[in-house]
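Undergrad: Sequence first, predicted coordinates after that:
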Protein chains: 2
Amino acid sequence: MRLIHSINELRRTLSGVSAAFVPTMGNLHAGHLALVKQASRSARPVVVSIFVNPLQFGPGEDYARYPRTLEADCALLEPLGVDYVFVPTVEELYPEPQRFLVLPPLANELCGAHRPGHFAGVCTVVLKLFNIVQPRVAVFGKKDYQQLHLIRAMVREFNLPITILSGETVRDSDGLALSSRNGYLTPEERAEAPRLYRTLRALRERLLAGARDLATLEAEAVGSLAAHGWQVDYVSVRSQASLLAPEPRERALVALAAARLGTTRLIDNVEVELPEPGL
Amino acid sequence: MRLIHSINELRRTLSGVSAAFVPTMGNLHAGHLALVKQASRSARPVVVSIFVNPLQFGPGEDYARYPRTLEADCALLEPLGVDYVFVPTVEELYPEPQRFLVLPPLANELCGAHRPGHFAGVCTVVLKLFNIVQPRVAVFGKKDYQQLHLIRAMVREFNLPITILSGETVRDSDGLALSSRNGYLTPEERAEAPRLYRTLRALRERLLAGARDLATLEAEAVGSLAAHGWQVDYVSVRSQASLLAPEPRERALVALAAARLGTTRLIDNVEVELPEPGL
């Protein structure tokens, strides 16, 4: 496994080969490792990037305190047979202020409504990384559901010759979705945190049991979280295909939520496949 | 020379080869042909695209009447040894409404101020074409100076592995820059049209003779055009490097203009290299 810091060196190294690529912000956990294993089953060599992207953090968000744990990350990646770890500095990826941005749709939906500019920052850095690595395949986790949706749409609409694979969310035994931000939680918050997933699963059960009034279901979920000290950004049932409000009779849905415990913002989602006739 | 209409067919055909690429909107003239010759000297095979891109035309602009002359275009390209002419339909390039856009800088400068959304449309389609053709080299004309500047900047800021070459503006014997839009001019307008270039050359002479008050020089040029029936969008002296107002002592300048004769909007520019100490 080789650590590469420079764009030119990575380009020279990868010249002409079509890799499988997993972009990350580091502080790797079992969720990332599952994506890496999925990548290595689909193409070789495997390239993992580790870059905490300032462009996707808003003012007052956790860019400065986001955990940087390169040594531990490499120790996790090496046994998986990763070929290259691309670790650019901010100056390497943004040698001049980034003036060109990717403007994605759904910017005011879900997390976009609560993190202005976040998805423009994500899509911009992913486009840059795609152009540097030029992978054949790239893997993103379902935990960042809106991000995955947008990356797939970007690849399609910008005609990028890349196949996007998605990895299932990896969870702790109590159901909490693995996330680097879980490390911010106090022991009390950590004990409370699995309620986010439990709440979404309860919402799914209600849907599968025939409840169809989405506004009521969402309000109940918000109320249940708020009653336990969460500050809820949103709980929303959407179309898997569009991430917009589902159409009548639509069956492939996803319930998404973002909420804060103390200063830590957590997100999660569950897919819901309704039986006929759907909504 | 092979005409290709489908993205997939072009991809299959070019798989693994790094072409030289000239994107055009067709209705080719000697200016385009010079770019194609330049492309074929830099890499083979040579790919020319012909696509009138709806995304870069504003409401009320000339998208509908823009000349489509595919047969004549091919007759001009064949003798130059062009390998592939890529002619996608609007549906092929935009099978769904384009929601992802490239948001370029300088959007409110020069032509950007007068054509809202134009450069977002240009950069978006060029990014798509780049991702489809994946050329090693692409050639753009200096006549569309702001476009050339933005494409270069986009390639740099999005880390596209493409070298951008620029072609000098080709002019008629009376100095008028060749442009598909010259075909819209009445005989009287055509006789008047070379004044745009003459005005910019006169401005350059004033600068080279020591004049330094850019606002006055620009106002004089606007006045001279307006006195001959032009509706002037702008005449502006800018930094070649930034396309913004030049810094003190800057020496590499460019005078740019856009103005309408009747319903036809013409643009032109001249580069000015000041002797020491510059502005």
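TA: Thanks, I have the structure now.

Undergrad: Can you give me the neighbour number for the spatially closest residue to A:Pro45 that is not a sequence neighbour?
TA: Once flanking residues are discounted, A:Pro45 sits nearest to A:Asp83: 3.5 Å by C-beta to C-beta, 6 or more residues apart in numbering or on different chains. Placement of C-beta: from N, CA and C, glycine included. Counted with other C-beta atoms under 10 Å in any protein chain shown, residues neighbouring A:Asp83 total 18.

Undergrad: Could I get the phi/psi values of A:Asp83?
TA: phi -90, psi -50 (degrees, to the nearest 10).

Undergrad: now swap in the one 5 residues further on and tell me
TA: For A:Pro88, the backbone dihedrals (degrees, to the nearest 10) come out as phi -80, psi 150.

Undergrad: How about the contacts made by the closest residue to it other than its chain neighbours?
TA: Once flanking residues are discounted, A:Pro88 sits nearest to A:Phe51: 5.8 Å by C-beta to C-beta, 6+ apart. For A:Phe51, the contacting residues are A:23-26, A:86-88, A:93, A:125, A:129, by C-beta atoms under 8 Å, 6 or more residues apart in numbering or on different chains.

Undergrad: From A:Asn131, how far off is the residue nearest to A:Pro45?
TA: Distance check for A:Asp83 against A:Asn131: by C-beta to C-beta, to the nearest Å, it reads 19 Å.

Undergrad: how about the strands of the stretch 151-279 of chain A, start to end?
TA: Using DSSP state E, counting those that start in this stretch, the strands of the stretch 151-279 of chain A run over A:163-167, A:231-239, A:252-261, A:264-273.

Undergrad: now those strands in a markdown table, with distance to A:Leu55?
TA: Output for these, formatted as a markdown table (distance: least, C-beta to C-beta, whole Å):
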| stretch | distance to A:Leu55 |
| --- | --- |
| strand A:163-167 | 20 |
| strand A:231-239 | 21 |
| strand A:252-261 | 20 |
| strand A:264-273 | 18 |
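
Undergrad: Let me know which of these is tucked in deepest.
TA: Mean neighbour counts were compared across those using mean count of other C-beta atoms under 10 Å in any protein chain shown; the top stretch is strand A:252-261, at a mean of 22.

Undergrad: what angle do that strand and strand A:264-273 make?
TA: Orientation check (axes from the mean of the first three to the mean of the last three C-alpha atoms, to 10 degrees): strand A:252-261 against strand A:264-273 gives 160 degrees.

Undergrad: Contact partners for the closest residue to chain B within the stretch 101-250 of chain A?
TA: Taking C-beta to the nearest C-beta, chain B has its nearest neighbour within the stretch 101-250 of chain A at A:Pro105, 3.7 Å off. A:Pro105 makes contacts with A:150, A:153, B:99-100, as judged by C-beta under 8 Å, 6+ apart.

Undergrad: repeat for A:Leu3
TA: By C-beta under 8 Å, 6+ apart, the contact list for A:Leu3 reads A:74, A:84-85, A:87.

Undergrad: Give me the pLDDT value at it.
TA: pLDDT for A:Leu3: 98.

Undergrad: For A:Pro88, see how far away it is.
TA: Taken as C-beta to C-beta, the span from A:Leu3 to A:Pro88 is 11 Å.

Undergrad: likewise A:Leu256?
TA: In terms of C-beta to C-beta, A:Leu256 sits 31 Å off from A:Pro88.

Undergrad: can you check A:Val235 too?
TA: Using C-beta to C-beta, A:Val235 is found at 36 Å from A:Pro88.

Undergrad: What parts of the stretch 1-150 of chain A come near chain B?
TA: By C-beta under 8 Å from any C-beta of the partner chain, the residues of the stretch 1-150 of chain A that approach chain B are A:7, A:11, A:96, A:98-105, A:120, A:123-124, A:127-128, A:131-132, A:134.

Undergrad: Can you go through those residues and name the buried ones?
TA: A:7, A:11, A:98, A:100-105, A:120, A:123-124, A:127-128, A:131-132, A:134 (16 or more other C-beta atoms under 10 Å in any protein chain shown).

Undergrad: What about these, which are in strands?
TA: Secondary structure assignment by DSSP state E places A:101-103 of these in strands.

Undergrad: Could I get those in TSV, plus columns for distance to B:Pro79?
TA: Below are these laid out as TSV (distance: C-beta to C-beta, whole Å):
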residue	distance to B:Pro79
A:Leu101	42
A:Val102	40
A:Leu103	41
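
Undergrad: Reformat the residues you listed as CSV; add pLDDT.
TA: Below are these laid out as CSV (pLDDT from 0 to 100):
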residue, pLDDT
A:Leu101, 98
A:Val102, 98
A:Leu103, 97
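
Undergrad: ok, which stretches of the stretch 151-279 of chain A are helices?
TA: Here the stretch 151-279 of chain A has its helices, by DSSP state H, counting those that start in this stretch, at A:187-192, A:195-208, A:214-226.

Undergrad: want to throw those into CSV with distance to chain B?
TA: Shown next, in CSV, are the helices of the stretch 151-279 of chain A (distance: least, C-beta to the nearest C-beta, whole Å):
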stretch, distance to chain B
helix A:187-192, 37
helix A:195-208, 27
helix A:214-226, 24
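
Undergrad: near chain B, which residues of the stretch 151-279 of chain A show up?
TA: Residues of the stretch 151-279 of chain A lying near chain B (C-beta under 8 Å from any C-beta): A:153-154, A:156-161.

Undergrad: The longest helix along chain A vs helix B:118-133, what angle?
TA: Secondary structure assigned by DSSP state H gives helix A:118-133 as the longest helix of chain A. Helix A:118-133 and helix B:118-133 are oriented at 40 degrees to each other (the same axes, to 10 degrees).

Undergrad: Now do helix A:118-133: distance to the chain's middle.
TA: How far helix A:118-133 lies from its chain's middle: 13 Å, per C-alpha atoms, centre = their mean, to the nearest Å.

Undergrad: Equivalent analysis for stretch A:232-251, please.
TA: The answer for stretch A:232-251 is 18 Å, by C-alpha atoms, centre = their mean.

Undergrad: same check, this time on stretch A:22-40
TA: The chain centroid and the centroid of stretch A:22-40 are separated by 11 Å under C-alpha atoms, centre = their mean.

Undergrad: Likewise for stretch A:105-113?
TA: 14 Å.

Undergrad: ok, and for it, which residues are buried?
TA: Buried residues in stretch A:105-113 (16+ other C-beta under 10 Å): A:105-107, A:109-112.

Undergrad: swap in stretch A:88-96?
TA: Buried, per 16+ other C-beta under 10 Å, within stretch A:88-96: A:88, A:92-94.

Undergrad: Start and end of stretch A:173-183, how far apart?
TA: Taking C-alpha to C-alpha, to the nearest Å, the first and last residues of stretch A:173-183 lie 16 Å apart.

Undergrad: mean confidence score for it?
TA: On average, stretch A:173-183 scores 98.

Undergrad: Could you do stretch A:74-85 as well?
TA: Stretch A:74-85 comes out at a mean pLDDT of 98.

Undergrad: What are the contacting residues of that stretch?
TA: So stretch A:74-85 is contacted by A:1-4, A:10, A:13-14, A:19, A:28, A:32-33, A:36-37, A:40, A:44-50, A:73 (C-beta under 8 Å, 6+ apart).

Undergrad: if you set the cut-off to 6 Å instead, what comes out?
TA: Stretch A:74-85 is contacted by residues A:1-4, A:28, A:36, A:40, A:45-48 when judged by C-beta atoms under 6 Å, 6 or more residues apart in numbering or on different chains.

Undergrad: Tell me the buried residues within those.
TA: A:4, A:28, A:36, A:40, A:45-48.

Undergrad: Domains in chain A, by residue range?
TA: Listed domain ranges for chain A are A:2-167, A:180-270 (source: automatic domain parsing).

Undergrad: want to throw those domains into a markdown table with distance to B:Arg171?
TA: Shown next, in a markdown table, are those (distance: least, C-beta to C-beta, whole Å):
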| stretch | distance to B:Arg171 |
| --- | --- |
| domain A:2-167 | 31 |
| domain A:180-270 | 50 |
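
Undergrad: of these, which approaches B:Asp62 most closely?
TA: domain A:2-167 (25.3 Å; C-beta to C-beta).

Undergrad: Straight-line length of that closest one, end to end?
TA: 24 Å.

Undergrad: Good, we can wrap up now.
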